[in-house]
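Novice: Here is my input; please provide its structure:
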Amino acid sequence: MRIISKLQSFFTRKQPLPLADVEAIVDQLIELGFLRFTPNSKKEAVRQQLVESVRNNYLDSDWDDDCVSADKRSYSADAEDLAEGDIGNCLRQMCQVLSQEGVVLESVEDSFTEEHKRYEVIVNGVSHLIYDLNETSVEEIWLLSFRRLVEIVNGLLIEAGSSERLFGLYGGNDARVILLTESMHDLIRENTDIFDEGWMPMAQDQIR
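Specialist: Okay, here's the model as predicted:
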């Protein structure tokens, strides 16, 4: 059973945007490659899902049971879950799309030491520090974990020579991440009359 994005309830205007304007922006995103991770047989259905969401001032398609969008660009990134050891799982959910971008995840391991005071994620044998409670406070670890997920994925994409980048959406228990090229991100940022400011994807250096 498909799970309709919970974002729909957040950004619904009383007067939806004109359909022609909505379809124009969605088709521009598609021309930039937004549906390149979507199977051909599902592209028209996903396009209609994107149109429906943009009419309500955000960009999303239906979620599956794992809270991955039908366009394979958006992923759940609940900051509390990430801080408790879910970064590895989030990376594995992106594995198929990342592999298309030249990122091979041969191994992903979540590692806690010192009674869960230090959290690292080991990707392909390389350790990435998420947080160390000897150096930071418990209150900061949600934000740190969310930011580090974005940083790790972007580092892998840059190393692979990909033009895709991971952006953050919201924070806390509602946090999500979305893959976009810079051109897609720029197009979204340029259309504040269409996209709700509270929805706007955050670049890596904007996650604070």
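
Novice: Kindly list the longest helix within the protein.
Specialist: Looking across the chain with DSSP state H, the single longest helix is helix 141-160.

Novice: so where is this protein shaky, pLDDT-wise?
Specialist: Applying pLDDT under 70 to the chain flags residues 1-15.

Novice: what's around the residue lying closest to Glu151 once chain neighbours are set aside, how many residues?
Specialist: In space, Glu151 comes closest to Gln204 once its chain neighbours are excluded; the distance is 6.1 Å by C-beta to C-beta, 6 or more residues apart in numbering. C-beta here means a position set from N, CA and C on the backbone, and glycine is covered the same way. Close neighbours of Gln204, defined as other C-beta atoms under 10 Å, add up to 15.

Novice: correct me, but Asp60 touches Leu50?
Specialist: Yes - distance between Asp60 and Leu50: 7.5 Å, which falls inside the contact criterion (C-beta atoms under 8 Å).

Novice: got a list of what the residue nearest to Glu151 touches?
Specialist: Applying C-beta atoms under 8 Å, 6 or more residues apart in numbering, one finds that Gln204 lies in contact with Arg147, Val150, Glu151, Asn154, Arg165, Leu166, Phe167, Gly168.

Novice: is it possible to export the residues you listed to CSV including neighbour count and distance to Val103?
Specialist: Listed next are these as CSV, based on neighbours: other C-beta atoms under 10 Å; distance: C-beta to C-beta, whole Å:
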residue, neighbour count, distance to Val103
Arg147, 21, 19
Val150, 21, 14
Glu151, 16, 14
Asn154, 17, 11
Arg165, 20, 12
Leu166, 25, 11
Phe167, 23, 16
Gly168, 21, 19
